[in-house]
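# next comes the sequence, and after it the predicted model I'd like to discuss.
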There are 2 protein chains.
Amino acid sequence: MDEPPTIPIDKLDHISIAVPSLDLASKFYIETFGCEVSDPIDIPNQKMRIAYVILSNVKIELMEATGPGSTITKFLERNPAGGIHHFCLTTPDITVAAKGARAKEIKVIGDGVSHDNKNLFFLHPKDAIGSLIEIEENKKDI
Amino acid sequence: MDEPPTIPIDKLDHISIAVPSLDLASKFYIETFGCEVSDPIDIPNQKMRIAYVILSNVKIELMEATGPGSTITKFLERNPAGGIHHFCLTTPDITVAAKGARAKEIKVIGDGVSHDNKNLFFLHPKDAIGSLIEIEENKKDI
């Protein structure tokens, strides 16, 4: 019998792109692909401002730094033009997911709550084949 | 009245991850997330071997180099552990998409046909806010 997965997942919620200018990036996705892009959302405690490109099956999160020392600033120092930063998978229960990751010695980083009140953490790229993967709770009833 | 988009798109088809070992990466996605992963597909003319992680709404393409000089080899020289390489949006008509890109002076690279016979090209990251974006024809009738 197969073992249950370490971290049960539902779907890919979004991919996240670090961008030098949120306004220019939003304009690019609107004009190039005809996408709907959300209004900017300020996240002061993470020194970033984001907007969502709404596709039919997933979202693309555009992330701009709003102060020194943010993770986006550090990423843009290595990739000044911007680039794909991480992707996000949803899980039905964040506690089960975190317990599973720790049991398999997958390093969990940045656990906390999103701007829209979803529980989340990230898997360290060293334990996830080089990709930064966000795991976000897919709240259904609360 | 709004201008029509440069490149009309339908959805995000897949994200693509360069990996040092396709077997280990497939095992990671199966065991960690309980995902279904396709059998490996060899693409000799691109010196790579791929497999698809099947999620409910998108696919994750895992790409391994099978010879020196492939784009994956070059990517892994900069990112030895692996990493997110590009993402792919589908378009209803590749000719319209390519014409649109060229009219707006967005550099088109790597135009050709996929292993499963879909027409495609890539937008150069310098004209796409730092991301490598694949545009693939979403064949419906042929």
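Perfect, I can see it now. Numbers count the residues shown, from 1 in each chain, chains lettered A, B, ... in the order given.
# could you list the low-pLDDT ranges of chain A?
Residues of chain A that meet the criterion pLDDT under 70 lie in A:1-2, A:140-142.
# and the strands in it, which stretches?
Counting by DSSP state E, residue ranges of the strands within chain A are A:12-18, A:36-37, A:41-43, A:48-54, A:59-65, A:83-91, A:108-113, A:119-123, A:133-137.
# specify the helix with the largest residue count in chain A.
helix A:22-33 (DSSP state H).
# buried ones in that helix?
A:22, A:25-26, A:28-29, A:31-33 (16 or more other C-beta atoms under 10 Å in any protein chain shown). All C-beta atoms are positioned from the backbone trio N, CA, C, and that covers glycine.
# excluding its backbone neighbours, what's nearest residue A:120?
residue A:136 (4.3 Å; C-beta to C-beta, 6 or more residues apart in numbering or on different chains).
# any figure for the gap between that neighbour and chain B?
Using C-beta to the nearest C-beta, to the nearest Å, residue A:136 is found at 13 Å from chain B.
# can you show me the CA trace of the longest helix of chain A as CSV?
Included here for helix A:22-33 are C-alpha records, laid out as CSV according to Å, rounded to 0.1, in the frame of the first residue of the first chain:
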residue,chain,number,x,y,z
LEU,A,22,4.6,46.9,-10.0
ASP,A,23,3.0,49.5,-12.2
LEU,A,24,5.1,48.6,-15.3
ALA,A,25,4.6,44.9,-14.7
SER,A,26,0.8,45.3,-14.3
LYS,A,27,0.8,47.3,-17.5
PHE,A,28,2.8,44.6,-19.3
TYR,A,29,0.4,41.8,-18.3
ILE,A,30,-2.7,43.9,-19.2
GLU,A,31,-1.5,45.1,-22.6
THR,A,32,0.4,42.1,-23.7
PHE,A,33,-2.0,39.3,-22.7
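# the inter-axis angle of that helix versus strand A:48-54?
Counting by axes from the mean of the first three to the mean of the last three C-alpha atoms, to 10 degrees, helix A:22-33 points 10 degrees away from the direction of strand A:48-54.
# residues in contact with helix A:22-33?
With contacts defined as C-beta atoms under 8 Å, 6 or more residues apart in numbering or on different chains, helix A:22-33 is touched by A:17, A:19, A:35-37, A:40, A:49-51, A:53, A:60, A:62-64, A:82, B:3, B:5-9, B:89, B:104, B:106, B:128-129.
# ok, now with 7 Å
A:19, A:35, A:37, A:40, A:49, A:51, A:53, A:62, A:64, B:5-7, B:9, B:89, B:129 (C-beta atoms under 7 Å, 6 or more residues apart in numbering or on different chains).
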